[in-house]
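1. Predicted model and sequence follow; I will ask about them next.
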Amino acid sequence: MQKTMLSMFENLEVPQTPPIWLMRQAGRYLPEYKEVRKQAGSFLNLCYTSELACEVTLQPIRKYQFDASILFADILLIPDALGQKVWFVEGEGPRLEPVKSPDSLTLDNVSSHMQPVYKTLSLLKQRLPEETTLIGFAGSPWTVATYMIAGQGTADQEPAHSLKQNDVSAFQALLDLIVEATIEYLAGQVAHGAEVLQLFDSWAGSLSGDDFDRFCIQPNKAVIDGLRLRGITTPIIGFPRGAKSRYVDFAIQTNVQGLSIDQDMSLTSVLEDLPDTIISQGNLDPLCLLDGGQQMFSKIDHILDVTKGRPHIFNLGHGITQLTPPHHVTDLVNCIRNREK
Ligand code: CP3
């Protein structure tokens, strides 16, 4: 059987029904995820135990027959691999021992550190249905740096902005190191079976003006150029969440093959300017999925209407929220697949 999503990237043909996957499709809204998560003890242990990480990656594929499967891991495995202390506090989120420069960090162990993740990909390669596209991913340098500098998630990424303001050379050196580590990591993911890659720049929206060019577009482009220099041709989806008027600019300048679009954007206006050689993705508000029912079906219809005739990957504008009833996901998939063509 054909991999719908991968072949869309290869020939830009528009399938009758768009391929579907959802950001955070493996996670706490699924009771079966919570079971395995308990067994693993810590979140990081789940990420690094290949059998368990493979199992939670497969859970939403078995349940919903999505067209693509995203590797179960986290964007904060990179700081961990660089030698920064990373842990997750139950019910709160990630914690890191904050850094202000790359001085205490090293690229030397990235490949060896990521072996368990590569093993997860190899297992997935064996166990996924053949029509399912396997997506690898990493955080984009700016977004990863915001956590490394603050030591946790922040509402406004103030600590990273402040380092950028006060010591731009240390800040740039840190970004450069993350770029190198990410190239190495994604090249390893491709070598172990990833067929498409996504770069998550979840905090792109807090960069504006020239900063958006320097610290969002440039580092994403550097990762992509680095992969292409290594001869890696794997399609790449960029996700500059919150980029507002810079979405299309981002897509063109970074040379991504796919653009993931958050729910705050008017899809119509992005698509007016997006070249039809770049595949669009996303835009459904995760809160529509949380609430389900008629309002969700109307929004789905709207996205399908607006994207008719162009290559589009059905997805949310950000990750599934924890309280989403799993049967709403069934309704979403059925609504898209059973719609009159
Ligand atoms: O199904 C998938 O999408 C694949 C797995 C995946 C996870 N995180 C699993 C996860 C992916 C692609 C990510 C990306 C990620 N991680 C991002 C970028 C996307 C986004 O959401 O903006 C970011 C910023 C992170 C960092 C991170 N990881 C935070 C801030 C948190 C805590 C918040 C939360 O939801 O708990 C995590 C934890 C995390 N990553 C969980 C999962 C399933 C929940 C942890 C748990 O099970 O205890």
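-> That came in fine, so what should we check first? Numbering: from 1, shown residues only.

2. Report the buried residues of stretch 316-336.
-> For stretch 316-336, a neighbour-count test (16 or more other Cβ atoms under 10 Å) marks 316-320, 324, 328-329, 331-333, 336 as buried. Any C-beta I mention is one placed from the backbone N, CA and C, and that applies to glycine too.

3. for stretch 73-91, same thing?
-> 73-84, 86, 88.

4. Of these, which is the nearest to Leu105?
-> Minimum distance to Leu105 across the buried residues of stretch 73-91 is 4.2 Å, recorded for Leu82 (Cβ to Cβ).

5. where does that closest one land on pLDDT?
-> At Leu82, the model reports a pLDDT of 98.

6. For the stretch 201-341 of the chain, which residues are neighbours of the ligand?
-> 202, 319 (Cβ under 6 Å from any ligand atom).

7. Could I get the full set of helices for the stretch 201-341 of the chain?
-> For the stretch 201-341 of the chain, the helices defined by DSSP state H, counting those that start in this stretch occupy 209-211, 218-229, 247-254, 267-273, 286-291, 293-306, 326-337.

8. could you dump these to a markdown table with mean pLDDT?
-> As requested, those are exported to a markdown table (pLDDT from 0 to 100):
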| stretch | mean pLDDT |
| --- | --- |
| helix 209-211 | 98 |
| helix 218-229 | 98 |
| helix 247-254 | 98 |
| helix 267-273 | 98 |
| helix 286-291 | 98 |
| helix 293-306 | 98 |
| helix 326-337 | 98 |
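
9. quick one, what contacts the single nearest residue of the stretch 151-300 of the chain relative to the ligand?
-> Going by Cβ to the nearest ligand atom, the ligand is nearest to Ser202 of the stretch 151-300 of the chain, at 3.1 Å. Contact analysis of Ser202 by Cβ atoms under 8 Å, 6 or more residues apart in numbering lists 75, 139, 143, 239, 241, 318.

10. try 10 Å this time
-> 23, 75, 139-140, 142-144, 146-147, 153, 239-242, 262, 318-319 (Cβ atoms under 10 Å, 6 or more residues apart in numbering).

11. returning to that earlier point: out of the buried residues of stretch 73-91, who's nearest Gln172?
-> Leu82 (16.0 Å).

12. residues in contact with that closest one?
-> Here Leu82 is in contact with 99, 102, 104-110, 113, 144, 148, 174, 177-178, 180-181 (Cβ under 10 Å, 6+ apart).

13. Quick one, which of those are buried?
-> 99, 102, 105, 107, 110, 113, 144, 148, 174, 177-178, 180-181.

14. quick one, longest helix in this protein?
-> helix 168-191 (DSSP state H).

15. Return the set of buried residues in it.
-> 170-172, 174-175, 177-190.

16. quick one: it to chain centroid distance?
-> 16 Å (Cα atoms, centre = their mean, to the nearest Å).

17. Quick one: end-to-end length of stretch 87-98, please.
-> By Cα to Cα, to the nearest Å, the extent of stretch 87-98 from end to end equals 12 Å.

18. wait, I meant stretch 23-43
-> End to end - Cα to Cα - stretch 23-43 spans 18 Å.

19. Say whether the ligand is contacted by that stretch.
-> Yes: counting by Cβ under 6 Å from any ligand atom, the ligand is contacted by stretch 23-43 at 23-28, 37, 43.

20. Find me the pLDDT at the nearest residue to Ala243 once chain neighbours are set aside, would you?
-> Leaving aside its sequence neighbours, Ala243 sits nearest to Ala204 (Cβ to Cβ, 6 or more residues apart in numbering; 5.0 Å). For Ala204, the pLDDT comes out at 98.

21. circling back: got TSV for the helices of the stretch 201-341 of the chain, with distance to Ser7 too?
-> Formatted as TSV, the helices of the stretch 201-341 of the chain follow (distance: least, Cβ to Cβ, whole Å):
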stretch	distance to Ser7
helix 209-211	38
helix 218-229	21
helix 247-254	21
helix 267-273	21
helix 286-291	26
helix 293-306	20
helix 326-337	17
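
22. if we compare these, which one ends up closest to Ile135?
-> Closest to Ile135 of the helices of the stretch 201-341 of the chain is helix 218-229 (Cβ to Cβ; 14.7 Å).

23. List the buried residues of that closest one.
-> Neighbour-count burial for helix 218-229, counted by 16+ other Cβ under 10 Å, picks out 218-224, 226-227.

24. how many degrees apart are it and helix 168-191 in direction?
-> Put simply, helix 218-229 runs at 40 degrees to helix 168-191, going by axes from the mean of the first three to the mean of the last three Cα atoms, to 10 degrees.

25. same for helix 218-229, what does it pack against?
-> helix 141-150, helix 168-191, strand 196-201, strand 236-240, helix 247-254 (3 or more Cβ pairs under 10 Å, 6 or more residues apart in numbering; DSSP states H and E).

26. Reformat those as JSON lines; add distance to Glu272.
-> Listed next are these as JSON lines, based on distance: least, Cβ to Cβ, whole Å:
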{"stretch": "helix 141-150", "distance to Glu272": "27"}
{"stretch": "helix 168-191", "distance to Glu272": "31"}
{"stretch": "strand 196-201", "distance to Glu272": "22"}
{"stretch": "strand 236-240", "distance to Glu272": "18"}
{"stretch": "helix 247-254", "distance to Glu272": "9"}
